[in-house]
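Undergrad: give me a model of this one.
(one chain, ligands or ions: 1)
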Amino acid sequence: MNGKRQRDKKWWWIVGLAAGALTVGLLAWLRRRTHRRTIQRRFWNPVYDRLAHWYDGVDWFTGNTTHRWRRSALRYLPPAGSRVLEIGFGSGKLHTEMARQHRMAGLDLAPGMVHLTRRRLAARGLSSRLAVGSVYALPWPAESFDAVVSTFAFSTFPDAEAALDEMVRVTRPGGRVIIVDAGEASDGNRVAHLLARLWELMGDYMRDEVPLMEARGLAVEREEYGPWNAVHTVVGAKQIGIAPRHHSSIISK
Ligand SMILES: C[S@@+](CC[C@H](N)C(=O)[O-])C[C@H]1O[C@@H](n2cnc3c(N)ncnc32)[C@H](O)[C@@H]1O
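TA: Numbers count the residues shown, from 1 in each chain. Coordinates of the predicted model:
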């Protein structure tokens, strides 16, 4: 009986590994033929919109680890009562937590996510000015916020330069841009490197936001955590007296 169980277990491993290898191979094949920009537009954007109600499944699947990473943005927020903008808030879990203390606004491209977050806020008697829109054209005047937060969304924006220009524009001098996302580890470990390649196969953009923020005159700090340090928080403080920058769009495949 025990021997049979061992054999069954071995087969599950073989089937699992074969299915994993097949999926990665298929993704690699698709990626060679498709721009990441197209993957985001044609696949992920409709998925975020139509499957918004399933998005919290990611937290369930990871035993809430993803939410703990997301929450690491909280310790960089300005004091209670500050004006905070969240971009790409998804199903609104972090947004709802921030709305308990701050004057919130939020923007997401997916109407399904905006609808879900509105309901989540209303159920708790909280409020936020939510908008459906794109990070590339934020519908707020310059210097409107004390902090701009984005978790696991920046790596889905094809044009990092244009996105960050907008995020910095709406941040007041002395305020902060806070980004939590996946990426390479600074110790160059191979597992984080492989994970980053896997995210890229799925259409994401693995970036180090530090040079991007420094190019905009922000004073930057970065911390890493998670398995193999494959997740990071980058915080840029906007210095007083920086002139707004005009971006040049960089589109990478
Ligand atoms: C991977 S989800 C991250 C959601 C959430 N912040 C989290 O921590 O899990 C990316 C989110 O960014 C949104 N998004 C994608 N492109 C966007 C854009 N150009 N402007 C604003 N939001 C965008 C998506 O609709 C989605 O809700």
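Undergrad: could you use CA atoms for every contact and neighbour count after this?
TA: OK.
Undergrad: contact residues of the stretch 101-250 of the chain facing the ligand?
TA: Contact residues, the stretch 101-250 of the chain versus the ligand (C-alpha under 6 Å from any ligand atom): 107-110, 113, 133-135, 151-153, 156-157.
Undergrad: could you rerun that using 5 Å?
TA: Taking C-alpha under 5 Å from any ligand atom as the criterion, the stretch 101-250 of the chain approaches the ligand at residues Asp108, Leu109, Ala110, Ser134, Val135, Thr151, Phe152, Ala153.
Undergrad: which ones among these are found in strands?
TA: The strands, defined by DSSP state E, take in Asp108, Thr151 from these.
Undergrad: most surrounded residue in the residues of the stretch 101-250 of the chain next to the ligand?
TA: Using other C-alpha atoms under 10 Å as the neighbour test, those are led by Thr151, with 25 neighbours.
Undergrad: okay if I get the residues of the stretch 101-250 of the chain next to the ligand as TSV plus pLDDT?
TA: As requested, those are exported to TSV (pLDDT from 0 to 100):
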residue	pLDDT
Asp108	98
Leu109	97
Ala110	96
Ser134	98
Val135	98
Thr151	98
Phe152	97
Ala153	98
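Undergrad: can you tell me which of the residues of the stretch 101-250 of the chain next to the ligand lies nearest to Asp49?
TA: Nearest to Asp49 among those is Ala110, at 4.6 Å by C-alpha to C-alpha.
Undergrad: dump the strand ranked longest in the chain to PDB, keeping only the CA atoms.
TA: Looking only at the chain and at elements set by DSSP E, the strand with the highest residue count is strand 171-182. In PDB, the C-alpha atoms belonging to strand 171-182 read as follows (Å, rounded to 0.1, in the frame of the first residue of the first chain):
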ATOM      1  CA  THR A 171       3.100  64.600  -5.800                       C
ATOM      2  CA  ARG A 172       3.700  67.800  -3.800                       C
ATOM      3  CA  PRO A 173       7.300  68.900  -3.100                       C
ATOM      4  CA  GLY A 174       8.400  67.000   0.100                       C
ATOM      5  CA  GLY A 175       5.900  64.200  -0.700                       C
ATOM      6  CA  ARG A 176       6.700  60.600  -1.600                       C
ATOM      7  CA  VAL A 177       6.200  58.200  -4.500                       C
ATOM      8  CA  ILE A 178       6.000  54.600  -3.100                       C
ATOM      9  CA  ILE A 179       6.300  51.600  -5.400                       C
ATOM     10  CA  VAL A 180       6.100  48.000  -4.300                       C
ATOM     11  CA  ASP A 181       6.800  45.400  -7.000                       C
ATOM     12  CA  ALA A 182       8.600  42.300  -8.100                       C
END
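Undergrad: and it, what other elements does it pack with?
TA: Under the contact definition 3 or more C-alpha pairs under 8 Å, 6 or more residues apart in numbering; DSSP states H and E, strand 171-182 sits against strand 145-151, strand 231-237.
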